[in-house]
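> give me a 3D structure for the following:
(2 chains)
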Protein chains: 2
Amino acid sequence: MSDRGLLLVLSGPSGAGKGTAVRRLLELCDNIVLSISATTRPPREGEGPGHYDFLPQDEFLRRIEAGRMLEHAVYNGQYYGTPAAWVDEQLAAGRHVLLEIEMQGALQIRQRRPEAILMFMAPPSMQALEQRLRGRGTETEQQIQARLAIARGELAGAAQYDYILVNRTVEGAAEQMCAILTAERHRASAMEPFLQALQQERN
Amino acid sequence: MSDRGLLLVLSGPSGAGKGTAVRRLLELCDNIVLSISATTRPPREGEGPGHYDFLPQDEFLRRIEAGRMLEHAVYNGQYYGTPAAWVDEQLAAGRHVLLEIEMQGALQIRQRRPEAILMFMAPPSMQALEQRLRGRGTETEQQIQARLAIARGELAGAAQYDYILVNRTVEGAAEQMCAILTAERHRASAMEPFLQALQQERN
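The predicted model follows:
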């Protein structure tokens, strides 16, 4: 058991249920914190600093230049990214950090932090995903079709992740993530300091 | 989720508590079976076919020759080994198979079945291991010292395993194994058939 926390990344199509499963994970599993993304988009009604770190674009670009973003991406003309300093502080303090980010950012993390654990949350079926998107009632038919097309594209990229979660139930998906965290903490590479301490123990 | 079961191997020093943790794992975790070893040593009082598959030495040697043992080793002049046919039947039927075997055999499995998942159960401390060995009250002081020396040797080889479990409590050790099984079932490589089915799903 290394003292350093683990870096976990979660991606998956819109409607797969990432947000709900993550909230349950934070209740279920000890010592794990959720990273807060930075963005240049303006806050929506009711959004505060707990949702995003809202930054002006020139400041965001300066931080990318200075290597202060672990990953970043542009959607609809707005920047989104993960501030590196906070993540590294948490990891150094022994807390596991979960990033809920898009595939583009996840693959940047894979390059920059090869030790990161990449999890992709899939729906149990495309039909179930479609039902969930319709059930939210927040998108037009055209938007739903666009999201389904994007989801199909993401499934093709999912094999690049370490783990594929299947969100049949919120509880099940949270338990899968918790099990992955437990397993990864017991990998032989992560346990090297423990094994060394055991071997050096005096009679 | 592949239809085939996973092959799990558990080793660890005498006194680490493998047997008790495995019994708890079988209660805790679905769809997992424990492999029964073959041996040439005579049955002890009270031992029946549920404990070992007792074989005459010439038959055991014939089976090794014929490649019918997944692994084998010699202790105190007696052969011990894992019959391949039963393991493969279980895996093909989608059941996960756990082998509780010594390091020598585990490393043979690593060669012959590179997909096998190797777990090493360590005590929380060498002092705890010594206390457990003494607590059993079944060994002489000399035997206890010999077992501790062997345990130190095994710790040096433990880094070759995939996972290191720490047996602080029976429940904790069983949960670690169960989490590893859950995580391994969700590895991207194991989930390929599921991802393909999702992508091929008709609208």
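> which stretches of chain A form helices?
For chain A, the helices defined by DSSP state H cover A:18-28, A:57-65, A:84-92, A:103-112, A:126-136, A:141-157, A:170-185, A:192-200.
> and residue B:70, which of these is closest to it?
When those are compared by CB to CB, helix A:170-185 sits nearest residue B:70, at 23.8 Å. (Each C-beta comes from the backbone N, C-alpha and C, glycine too.)
> list the buried residues of that closest one.
Across helix A:170-185, burial judged by 16 or more other CB atoms under 10 Å in any protein chain shown covers A:173-185.
> and that helix, how far out from the chain's middle?
Put simply, helix A:170-185 sits 13 Å off its chain's centre (CA atoms, centre = their mean, to the nearest Å).
> run through who's touching that helix.
Around helix A:170-185, the neighbours that count as contacts under CB atoms under 8 Å, 6 or more residues apart in numbering or on different chains are A:1, A:6, A:8, A:10, A:17, A:20-22, A:24-25, A:28-29, A:32, A:96, A:117, A:119, A:121, A:163, A:165-167, A:190, B:163, B:175-176, B:178-180, B:182-184, B:186.
> need the buried ones from these selected in ChimeraX.
Buried subset of the contacts of helix A:170-185, written as a ChimeraX selection, criterion 16+ other CB under 10 Å:
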select /A:6,8,10,17,21,22,24,25,29,32,96,117,119,121,163,165,166,167,190 /B:163,175,176,178,179,180,182,183,184,186
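> for chain A, what are the low-confidence residue spans?
Along chain A, the model assigns pLDDT under 70 to residues A:1-2, A:202-203.
> around chain B, pick out the residues from it.
A:1, A:120, A:122-123, A:125-127, A:148, A:152, A:155-156, A:158-166, A:175-176, A:178-180, A:182-184, A:186-188, A:191-192, A:194-195, A:198-199, A:201, A:203 (CB under 8 Å from any CB of the partner chain).
> thinking again about what came up before, so which of the helices of chain A is nearest residue A:46?
That would be helix A:18-28 among the helices of chain A, by CB to CB, at 15.3 Å.
> kindly export the closest one (C-alpha atoms) in PDB.
Presented in PDB, the C-alpha positions along helix A:18-28 are these (Å, rounded to 0.1, in the frame of the first residue of the first chain):
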ATOM      1  CA  LYS A  18     -21.700   8.800 -14.600                       C
ATOM      2  CA  GLY A  19     -22.800  11.600 -12.300                       C
ATOM      3  CA  THR A  20     -25.200   9.500 -10.200                       C
ATOM      4  CA  ALA A  21     -22.800   6.600  -9.900                       C
ATOM      5  CA  VAL A  22     -20.000   8.900  -8.900                       C
ATOM      6  CA  ARG A  23     -22.100  10.500  -6.100                       C
ATOM      7  CA  ARG A  24     -22.800   6.900  -4.800                       C
ATOM      8  CA  LEU A  25     -19.100   6.000  -5.100                       C
ATOM      9  CA  LEU A  26     -18.100   9.000  -2.900                       C
ATOM     10  CA  GLU A  27     -20.500   7.700  -0.200                       C
ATOM     11  CA  LEU A  28     -19.500   4.000  -0.600                       C
END
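> against which helices or strands is it packed?
Counting contacts by 3 or more CB pairs under 8 Å, 6 or more residues apart in numbering or on different chains; DSSP states H and E, helix A:18-28 packs against strand A:7-11, strand A:32-34, strand A:96-100, helix A:170-185.
> dump these to TSV, plus distance to residue A:90.
Shown next, in TSV, are the helices and strands packed on helix A:18-28 (distance: least, CB to CB, whole Å):
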stretch	distance to residue A:90
strand A:7-11	9
strand A:32-34	6
strand A:96-100	5
helix A:170-185	14
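> buried stuff in stretch A:101-117?
In stretch A:101-117, counting by 16+ other CB under 10 Å, buried: A:101, A:102, A:103, A:105, A:106, A:107, A:108, A:109, A:110, A:113, A:116, A:117.
> closest to chain B out of those residues?
residue A:117 (9.7 Å; CB to the nearest CB).
> name the nearest residue to that closest one, sequence neighbours excluded.
residue A:8 (5.0 Å; CB to CB, 6 or more residues apart in numbering or on different chains).
> is it true that that neighbour touches residue A:95?
No - counting by CB atoms under 8 Å, residue A:8 sits too far from residue A:95 to count as a contact (11.1 Å).
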